[in-house]
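Q: Sequence and computational prediction follow.
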Amino acid sequence: MKTSDIKITVGLDENNVPDKLLWTAQDGGIEQEEAKALLLSVWDSKAKETLRIDLWTKDMPVDEMKQFFHQTLVAMADTFQRATADEKMSDTMRDFCDYFAEKMDLKA
């Protein structure tokens, strides 16, 4: 079986607060690329629950965090549609994304 690794390295300050995030995905041509935030969800089939890792660096600007969340929500709507073929709920999720963007002043 072929495998592919994705590696996340978290640099911590003296208070164990993330101050640097680096990720590597060699199959994707990514090597020690810097990031300011990441959200990782893993489905635990036995417990029927989602496990999460939510990290962001202490210098992640709030305006960029708002954009990051908006773009993540839009991507989740797209992924939900591909995974379930539920167009009606995907459209409802996209409607919420538009509402979110409006309330966060992310769209003109």
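A: Structure's in. What do you need?
Q: contacts for the helix or strand that contains residue 9?
A: Using DSSP states H and E, residue 9 sits in strand 7-12. Contact partners of strand 7-12, identified using C-beta atoms under 8 Å, 6 or more residues apart in numbering, comprise 18-25, 32, 38, 40, 55. In this view, the C-beta of every residue, glycine as well, is placed from N, C-alpha and C.
Q: What pairs with that strand, parallel or antiparallel?
A: Looking at strand 7-12 with DSSP bridges, its partner strands are strand 18-25 (antiparallel).
Q: Quick check: buried residues in the strand holding residue 9?
A: Within strand 7-12, no residue counts as buried by 16 or more other C-beta atoms under 10 Å.
Q: cool, stretch 16-32 as well?
A: Using 16+ other C-beta under 10 Å as the burial criterion, the residues of stretch 16-32 that qualify are 18, 21, 23.
Q: The first one touches residue 60, doesn't it?
A: What that stands for is residue 18. No: counting by C-beta atoms under 8 Å, residue 18 does not reach residue 60; the two are 9.1 Å apart.
Q: Show me how far stretch 93-107 is from its chain's centre.
A: Offset of stretch 93-107 from its chain centre (C-alpha atoms, centre = their mean, to the nearest Å): 17 Å.
Q: From here on, call the first residue 51.
A: All set: I'll call the first residue 51, so the last point we hit is now stretch 143-157.
Q: re earlier: mind checking the pLDDT average for the strand holding residue 59?
A: The average pLDDT within strand 57-62 is 97.
Q: same thing with stretch 78-98?
A: 97.
Q: in it, what's buried?
A: 86-88.
Q: CSV for the contacts of strand 57-62, including distance to residue 127?
A: Listed next are the contacts of strand 57-62 as CSV, based on distance: C-beta to C-beta, whole Å:
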residue, distance to residue 127
68, 28
69, 32
70, 30
71, 25
72, 28
73, 24
74, 28
75, 23
82, 31
88, 19
90, 18
105, 23
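Q: wait, which of these is closest to residue 117?
A: Comparing the contacts of strand 57-62 against residue 117 with C-beta to C-beta places residue 88 closest, at 14.5 Å.
Q: Next, give phi and psi for the closest one.
A: In terms of degrees, to the nearest 10, the main-chain angles of residue 88 are phi -150, psi 150.
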